[in-house]
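> what follows is a predicted protein model with its sequence.
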Amino acid sequence: MTQSPRVLSYLDALNEALALEMAADPSVVVFGEDNVGGHGCDGTMGHAWGPTRGLHNQFPKQIFDAPITEAAFVGAAVGAAATGLRPVADLLFVDFAGVCFDQILNQAAKLRYMVGGKAKVPMVLRAMWGTGMRRGAQHSQALYSLFTHIPGLKVVAPSNPVDAKGLLASAIQDDDPVIFFEHKLLYFGSRGVVPEERYTIPIGEAKVVREGGDVTIVAVGRMVNEALGAAEKLAAEGIQAEVIDPRTLSPFDFDTVYASVEKTSRLVVVDESSPRCSIATDIAGTVAENRFASLSAAVRTVTGPHAPVPFSPVLEDAFAPNADKIVDAVRSTLPSSVISKAS
């Protein structure tokens with residue numbers, strides 16, 4: 001009898017990556033907010049809600065809760081990393097990074113450079129991001145562009161469970177600080193076949209998740225799903241979109257994007273964050289600068305508006321990019337003759 005492929009949620013894939021890395025390396029320590037949780041009815045610990053759920057029972061000496069003092073425990077992670085441990089600090093919402101930004105910007109990112117490579121900072125800072133859970137303006141932002149701007153940091157934003165597991169393992173094993181972005185809606189909303197064994201996915205390698213010859217769509221995190229939905233709608237009109245998941249925002253795999261644009265001659269970038277100084281504008285500007293001759297139309301971006309994320313469900317749903325907005329952006333890059341034929 002053939003065994004069915006093993007399907008995990010995004011959350012469970014992250015949980016498994018943490019468990020495997022802690023089991024393989026006792027220097028991996030995990031701490032932050034709600035990483036352990038309180039006592040259960042049976043007296044055991046480990047009732048955290050998220051990717052650290054249940055891990056305290058398996059690794060009581062490697063995982064613990066920290067006080068709600070982001071500046072303190074992120075600073076502690078930098079110090080722990082510099083002295084031989086591999087900490088994974090959980091910021092919960094990335095919006096809380098403002099409280100500990102100095103530790104990230106001026107300590108984690110710069111320490112190895114400032115001491116001439118005599119020290120390293122192998123730490124991971126996990127953070128939830130994105131719209132869709134009615135958490136309001138201070139708990140719904142997509143701030144990965146801020147971290148991508150900072151030299152010395154690696155920034156990862158997986159879009160599915162198999163990449164989440166492999167990239168988190170790579171981030172933990174990396175000798176530089178990694179900011180690891182996890183979209184809230186993906187925790188339970190994204191499921192996929194995930195290998196049971198320990199594996200890594202290289203940081204800095206994009207993935208072509210759908211091939212096509214008419215337009216290139218680059219999408220970040222949860223937006224990959226929206227881009228694939230848009231590609232299905234476009235395919236029904238005879239327009240074949242190539243969809244690229246960068247997976248890593250710093251370093252960024254521009255070579256994969258360049259190769260696609262050279263084939264399709266059109267580019268649409270989808271990014272949930274604010275449009276100003278964003279990942280979308282960075283990708284668009286870099287491609288326009290380096291592959292201008294390959295483009296047959298202006299690069300288009302599909303982003304959230306330059307405004308705080310609203311709390312109103314109706315407004316929040318209208319705030320984020322979606323498949324229909326991506327379809328409209330793609331159509332704007334195509335000649336009118338193609339549009340009329342598709343219609």
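Structure received.

> what comes up buried for stretch 143-155?
143-148, 150, 152-155 (16 or more other C-beta atoms under 10 Å). For glycine as for every other residue, the C-beta is placed from the backbone atoms N, C-alpha and C.

> which of those residues sit farthest apart?
Leu143 and Gly152 (17.0 Å; C-beta to C-beta).

> quick one on the thing from earlier: take the buried residues of stretch 143-155 and write them to TSV, including secondary structure.
Shown next, in TSV, are the buried residues of stretch 143-155 (DSSP: H, G, I helix; E, B strand; the rest coil):
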residue	secondary structure
Leu143	coil
Tyr144	helix
Ser145	helix
Leu146	helix
Phe147	helix
Thr148	helix
Ile150	coil
Gly152	coil
Leu153	coil
Lys154	strand
Val155	strand
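
> where does the stretch 101-250 of the chain have low pLDDT?
For the stretch 101-250 of the chain, not a single residue meets the criterion pLDDT under 70.

> what about stretch 308-328, distance to the chain center?
Centre-to-centre, stretch 308-328 and its host chain are 19 Å apart (C-alpha atoms, centre = their mean, to the nearest Å).

> avg pLDDT for that stretch?
Mean pLDDT, computed over stretch 308-328, is 96.

> can you list the residues that contact that stretch?
When contacts are defined by C-beta atoms under 8 Å, 6 or more residues apart in numbering, stretch 308-328 is touched by residues 130-132, 134, 136-137, 140-141, 217, 219, 223, 226-227, 229-230, 233-234, 268, 270-272, 302-305, 307.

> filter those residues down to the ones in helices?
Mapping these onto helices (DSSP state H) picks out 223, 226-227, 229-230, 233-234.

> do a quick rundown of the helices in the stretch 151-300 of the chain.
Using DSSP state H, counting those that start in this stretch, the helices of the stretch 151-300 of the chain run over 161-173, 186-189, 223-235, 254-264, 279-290.

> what's the answer for the stretch 1-150 of the chain, then?
10-24, 55-58, 70-82, 101-102, 111-114, 144-148.

> and the average pLDDT for the longest one is what?
If I follow you right, that is helix 10-24. 98.

> could you export it as CSV, CA atoms only?
What follows is helix 10-24, C-alpha atoms only, in CSV (Å, rounded to 0.1, in the frame of the first residue of the first chain):
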residue,chain,number,x,y,z
TYR,A,10,3.4,26.3,7.7
LEU,A,11,3.3,26.5,11.5
ASP,A,12,4.1,22.8,12.0
ALA,A,13,6.9,23.0,9.5
LEU,A,14,8.6,25.8,11.5
ASN,A,15,8.0,23.8,14.7
GLU,A,16,9.7,20.8,13.1
ALA,A,17,12.7,22.8,11.9
LEU,A,18,13.3,24.2,15.4
ALA,A,19,13.0,20.8,16.9
LEU,A,20,15.5,19.2,14.5
GLU,A,21,18.0,22.0,14.9
MET,A,22,17.9,22.0,18.7
ALA,A,23,18.3,18.2,18.6
ALA,A,24,21.3,18.4,16.3
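
> off-centre distance for stretch 319-331?
Centroid separation for stretch 319-331 versus its chain: 20 Å, with C-alpha atoms, centre = their mean.

> flag every buried residue along it.
Residues 319-323, 325-327, 329-331 are the ones in stretch 319-331 that count as buried (16+ other C-beta under 10 Å).

> quick one, domains of this protein?
Domains of the chain are assigned by automatic domain parsing as 7-193, 207-342.

> quick one on the thing from earlier: pick the most buried one from the helices of the stretch 151-300 of the chain.
helix 161-173 (a mean of 25; mean count of other C-beta atoms under 10 Å).

> contacts made by that helix with the rest, please.
With C-beta under 8 Å, 6+ apart as the contact definition, helix 161-173 has outside contacts at 8-10, 12-14, 16-18, 20-21, 25, 28, 86, 88, 122, 124, 154, 156, 158, 178, 180, 182, 186, 190-195, 198-203, 207, 245, 247-248.

> rerun that using 7 Å as the cut-off
With contact meaning C-beta atoms under 7 Å, 6 or more residues apart in numbering, helix 161-173 is reached by 8-10, 13-14, 16-17, 20-21, 28, 86, 88, 124, 156, 158, 178, 180, 190-194, 198-203, 247.

> re earlier: as a markdown table, the helices of the stretch 1-150 of the chain with distance to Ala164 would be great.
Below are the helices of the stretch 1-150 of the chain laid out as a markdown table (distance: least, C-beta to C-beta, whole Å):
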| stretch | distance to Ala164 |
| --- | --- |
| helix 10-24 | 5 |
| helix 55-58 | 16 |
| helix 70-82 | 20 |
| helix 101-102 | 25 |
| helix 111-114 | 26 |
| helix 144-148 | 15 |
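
> out of those, nearest to Ser294?
Nearest of the helices of the stretch 1-150 of the chain to Ser294, taken as C-beta to C-beta: helix 144-148 at 24.0 Å.

> what's the closest non-adjacent residue to Asp253?
Spatial nearest neighbour of Asp253, excluding adjacent residues (C-beta to C-beta, 6 or more residues apart in numbering): Ala206 at 3.9 Å.
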